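Undergrad: structure for this input, please:
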Amino acid sequence: MQCVGASLRAASRAASTARAHNVASSSRVFQVQAIQRRNVSLRLPNFKGPVQWLQETLSPNVRQKNTEEEIEAARRQAAEKGQLGVFESMPTVEGEEEGEAVPAWKKKTYTEHKYSTANFKMSHRKLNMLGRQIAGKPIDHAILQMQFSEKRASKRIKSMLVIAKSHAVKLKNLNEGRLVVAESWVTKGPNQIKRYDMKGRGRAGIKTHPHSRLHVLLKEGKTRAELRAEDRERKLSKIVSAGYVREDIPIRNPGATWAW
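TA: Next comes the predicted model:
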């Protein structure tokens, strides 16, 4: 009997709390509705609960893409009000819009590309030997020379030539197959480090640590095949046949004395 009584008391207590909760929730709903009616009458934005506000502000939404007509209308409206940006208000040149081919006379053409290494610790006399080695050679042949050179600065110069070739081809639209190291020269670094050179008998000298850099100038020149063809044509032009009449042409294979 005690168990039955306890269970009945618990059930009655739960029913009373449920009724109180329902009354409270219904009264809260009535309060929200009254606030919404007041906001409508006063032309104020309706009250939103915290959960509804979080759902509307933080939930992911699909962004609608504006059409071209809407974008153009917005630009015209901003132009009338004077609210265009700096780049939007700049005048455009005909033929330079996106998707249109720019005429060749409007493009800047380059005929050469200059590049150099950074200042590094090396004598300008030693570096000048490598500069003379690659001067006048095609860029690929110069890179190959530096790849198999035993000099200490050859690796640095090879990497500089590769970068210079890439810049000339990609940035200045030079023909890769006709690139030639037209000029190469060496300059001293801005700061030549000097240190004391201690010697015997209380004497001292000055030891200089030289710095230098190598400059190259790339241009479009003749290929190796064209040079060989010109050399062959020049040699063939010197060959003449022996004739019956005297000609004002140098004799082929002249000797010091008579051949007979």
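Undergrad: what bits of the chain have low per-residue confidence?
TA: Across the chain, the ranges flagged by pLDDT under 70 are 1-30, 32, 36, 38-50, 53, 61-63, 85-106, 240-247, 249-254, 259-260.
Undergrad: where along it do the helices fall?
TA: Applying DSSP state H to the chain gives helices spanning 2-41, 50-58, 68-81, 124-134, 139-147, 154-170, 224-238.
Undergrad: which strands and helices sit next to the last one?
TA: Pointing back at helix 224-238 there. In terms of contacts (3 or more CB pairs under 8 Å, 6 or more residues apart in numbering; DSSP states H and E), helix 224-238 is not packed against any helix or strand. Heads up, the C-betas are built off the backbone N, CA and C, glycines and all.
Undergrad: next, the angle from it to helix 139-147.
TA: Orientation check (axes from the mean of the first three to the mean of the last three CA atoms, to 10 degrees): helix 224-238 against helix 139-147 gives 110 degrees.
Undergrad: again with the fourth one
TA: Angular relation of helix 124-134 and helix 139-147 on a 0 to 180 degree scale: 140 degrees, by the same axes, to 10 degrees.
Undergrad: so residue 153 sits right up against residue 129, yeah?
TA: No. Look at residue 153 against residue 129 with CB atoms under 8 Å: they stay out of range, at 9.5 Å.
Undergrad: more crowded one of the two?
TA: Counted by other CB atoms under 10 Å, residue 153 and residue 129 do not tie: residue 153 has more neighbours, with 21 against 13.
Undergrad: and the more buried one, how far is that from residue 147?
TA: Plainly put, residue 153 is 13 Å away from residue 147 if you go by CB to CB, to the nearest Å.
Undergrad: now do residue 227
TA: 22 Å.
Undergrad: ok, residue 130 next?
TA: Counting by CB to CB, the separation of residue 130 from residue 147 is 12 Å.
Undergrad: residues contacting residue 144?
TA: Not one residue lies near residue 144 by CB atoms under 8 Å, 6 or more residues apart in numbering.
Undergrad: what about residue 164, how many residues nearby?
TA: Residue 164: 23 neighbours (other CB under 10 Å).
Undergrad: nearest spatial neighbour of it, chain-adjacent residues omitted?
TA: The shortest distance from residue 164 to any non-neighbouring residue, by CB to CB, 6 or more residues apart in numbering, is to residue 115 (3.7 Å).
Undergrad: no further queries at this time; thank you.
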